[in-house]
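Asks: only the shape, not the letters, is given here:
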């Protein structure tokens, strides 16, 4: 569980009113419907929004996520779709895991790409729910997302019972995102640049 969870923490993993908790049913919002093979796993659009009209343009390089939440959701979809290159490219160079896993003597045990691939191969992601956001809008330079994801881990002892599927696990994380290449702004001072996953 620990090995997989360390990779799950890289889901990045913002974009609503600053410091505003999601409306509807108290704290948090109900996960959007993601049924059907063509639906986007992130659940960020209207129920049933197809992947090709949601996160696919981000994964293919045709567009940049406009908010930190959009980046976080696109990263979640990237884990589901095993888009390793996208996950690496949207991880800030100062993220604690950006340089991979290291041994006590400083030698690299595995690269970030290898670690992410191992997570994608072992985990089956079952759903994403954004609970709270802070900043991360199109006019911001940084933001946070508090979210929960459910998943199962293949081959982990204790995760499978005879005649039953793996028991789903859940992870809550508060991730921080920053906008880079924002030295030039628009006429109204809005920072430009792309969002990256900084820590979580």
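Replies: The structure has been received and is ready for your questions. These numbers come from a predicted model, not from an experiment. Residues are numbered from 1 along each chain as shown.
Asks: wait, residue 77 touches residue 55, no?
Replies: Yes. Between residue 77 and residue 55 there is a contact at 4.0 Å, judged by CB atoms under 8 Å. Backbone N, C-alpha and C define where each C-beta goes, glycine included.
Asks: okay, these two: which has more neighbours?
Replies: Between residue 77 and residue 55, residue 55 has the larger neighbour count (other CB atoms under 10 Å), namely 29 against 26.
Asks: one step back: shared neighbours, residue 77 and residue 55?
Replies: When CB atoms under 8 Å, 6 or more residues apart in numbering defines a contact, the residues bordering residue 77 and residue 55 alike are 40-42.
Asks: so, low pLDDT: which residues of this protein?
Replies: 1-37, 101-106, 108, 155-166, 182-192 (pLDDT under 70).
Asks: and the helix ranked longest in it, which residues are buried?
Replies: Assignment by DSSP state H gives helix 68-81 as the longest helix of the chain. Using 16 or more other CB atoms under 10 Å as the burial criterion, the residues of helix 68-81 that qualify are 68-81.
Asks: ok, and the most crowded of the shared contacts of residue 77 and residue 55?
Replies: Counting by other CB under 10 Å, top hit in the shared contacts of residue 77 and residue 55: residue 42 with 27 neighbours.
Asks: and it, how far is that from residue 55?
Replies: According to CB to CB, to the nearest Å, residue 42 and residue 55 sit 6 Å apart.
Asks: again, but for residue 173
Replies: From residue 173 across to residue 55, the span is 19 Å (CB to CB).
Asks: equivalent analysis for residue 98, please.
Replies: 22 Å.
Asks: same deal with residue 146?
Replies: Here the distance between residue 146 and residue 55 works out to 20 Å (CB to CB).
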